[in-house]
Each structure stands twice: as C-alpha cells, then as structure tokens.
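**Q** Sequence and predicted structure, then a few things I'm wondering about:
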Amino acid sequence: MLGKLARWLRMLGHNAKYARDLDDEILVKIAKTEKRVLLTKDSELYKRATSKHAEAFLVEGENEAERLAFLSMHLGIDLKFNPNISRCPKCNAKIKPAKKEEIGNKIPRSTQTFYEEFWECPKCGKVYWQGAHWKRITETLSDAERIKKKG
C-alpha cells in the first residue's frame with residue numbers, strides 16, 4: 001500500500017520496514033515490539049493498531065509529494081536528501097560512498113564518464129548516483145516542501 005513511500009523515507013535516512021503481505025496482527029506486533037510507527041492508509045488497520053497501543057499514523061495524500069508533505073507536517077520528517085544518512089531504497093541498509101574505480105563493473109560506461117559521485121549499498125550491492133532520475137526526485141521533494149508550506 002505504501003511501498004513507494006517506504007522507499008522515499010529510506011532515501012531520506014529513515015529506517016523504514018515494509019511488508020505488503022503480512023497479516024494486520026503481525027504488523028501491529030512488529031510496530032509494538034520494534035517500537036516503530038505503523039504508517040497506513042487503511043483506517044481499519046489504524047484503529048486496530050491504536051486500540052492495541054501501537055504507535056500508528058493514518059497517512060493522507062494522493063501522491064508521494066502530498067504524502068511526504070503530510071508526514072513532514074505531522075511527524076517532523078525532514079524533506080532534504082542527505083547521502084550521509086540515506087538508506088538503500090531497495091533493502092533499507094545505510095548506503096556508503098563508493099569510488100568509481102571500485103564499482104565500475106556495476107554501472108554503465110556512459111555513467112562512469114558523466115558522473116563522479118556514487119554510493120553503494122553494502123548489503124544488496126546496488127549502486128546509486130544523481131543521474132537523469134535525480135530531477136524527478138528533487139521535483140518531488142520540492143513539491144512536498146511547497147505543499148507543506150501551504151498546509
């Protein structure tokens with residue numbers, strides 16, 4: 001339900017656990033035992049979690065920018081990307097700076113030519129850089145900031 005939002009939160013440095021096929025009771029139990037905030041768009045799950053004294057939050061918003069703005073307003077989520085605290089959107093591990101010569105076999109040759117700064121996930125091995133997709137990322141974060149200021 002909120003898998004994209006989990007990836008955004010990870011990029012912003014938050015330890016976001018995501019599971020789409022777990023039973024509601026298990027989700028509530030995980031939130032309680034791991035002291036996590038359960039984010040959901042499901043009002044029934046939200047009610048169930050809060051009735052069992054799990055910290056939960058009913059997320060509003062039609063797109064990622066609106067959801068991020070909403071979380072920033074209500075939970076204090078910082079909307080600035082910082083690679084020093086960022087996590088792998090795929091597996092949630094903290095990413096680390098990577099040297100081009102060490103990751104060259106994992107990225108396209110053209111990427112090696114045009115980019116100098118890279119980060120790698122020590123857990124899953126995924127390599128990140130501020131490529132063509134970066135414009136969309138910064139636009140979404142800027143949109144979220146604008147929505148937050150209007151809010």
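**A** Great, that's in hand. Predicted, not measured: the structure shown is a model, and the values here were computed from it.
**Q** which strands and helices sit next to the longest helix seen in the chain?
**A** Longest helix in the chain, counting residues (DSSP state H): helix 134-150. Where contact means 3 or more C-beta pairs under 8 Å, 6 or more residues apart in numbering; DSSP states H and E, helix 134-150 is packed against helix 64-75. For every residue, glycine as well, the C-beta is placed using N, CA and C.
**Q** Could I get the buried residue list for the helix it packs on?
**A** Glu64, Ala65, Glu66, Arg67, Leu68, Ala69, Phe70, Leu71, Ser72 (16 or more other C-beta atoms under 10 Å).
**Q** Relative to Gly61, how far out is the fifth one?
**A** When distances are taken as C-beta to C-beta, to the nearest Å, Leu68 and Gly61 turn out to be 8 Å apart.
**Q** and if you look at the fourth one?
**A** Distance from Arg67 to Gly61, counting by C-beta to C-beta: 4 Å.
**Q** Now do the same contact list for Asn56.
**A** Wrong residue type there; residue 56 is Ala, not Asn. Each residue near Ala56 by C-beta atoms under 8 Å, 6 or more residues apart in numbering is listed here: Ala31, Val37, Leu38, Leu39, Thr40, Leu45, Tyr46, Ala49, Thr50.
**Q** Secondary structure, pLDDT and distance to Ser86 added to the residues you listed, as CSV?
**A** Converted to CSV, these look like this (DSSP: H, G, I helix; E, B strand; the rest coil; pLDDT from 0 to 100; distance: C-beta to C-beta, whole Å):
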residue, secondary structure, pLDDT, distance to Ser86
Ala31, helix, 97, 23
Val37, coil, 96, 19
Leu38, strand, 97, 23
Leu39, strand, 97, 19
Thr40, strand, 96, 24
Leu45, helix, 96, 28
Tyr46, helix, 97, 28
Ala49, helix, 97, 28
Thr50, helix, 97, 30
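**Q** okay, the residues you listed in CSV with distance to His14 next?
**A** Compiled in CSV, the contacts of Ala56 are given as follows (distance: C-beta to C-beta, whole Å):
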residue, distance to His14
Ala31, 14
Val37, 10
Leu38, 14
Leu39, 10
Thr40, 16
Leu45, 20
Tyr46, 19
Ala49, 18
Thr50, 21
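**Q** Top of these by number of neighbours, please.
**A** Most neighbours among those, by other C-beta atoms under 10 Å: Ala49, with 25 neighbours.
**Q** Enumerate every residue touching it.
**A** Contacts for Ala49 (C-beta under 8 Å, 6+ apart) come out as Leu27, Val28, Ala31, Leu38, Thr40, Glu55, Ala56.
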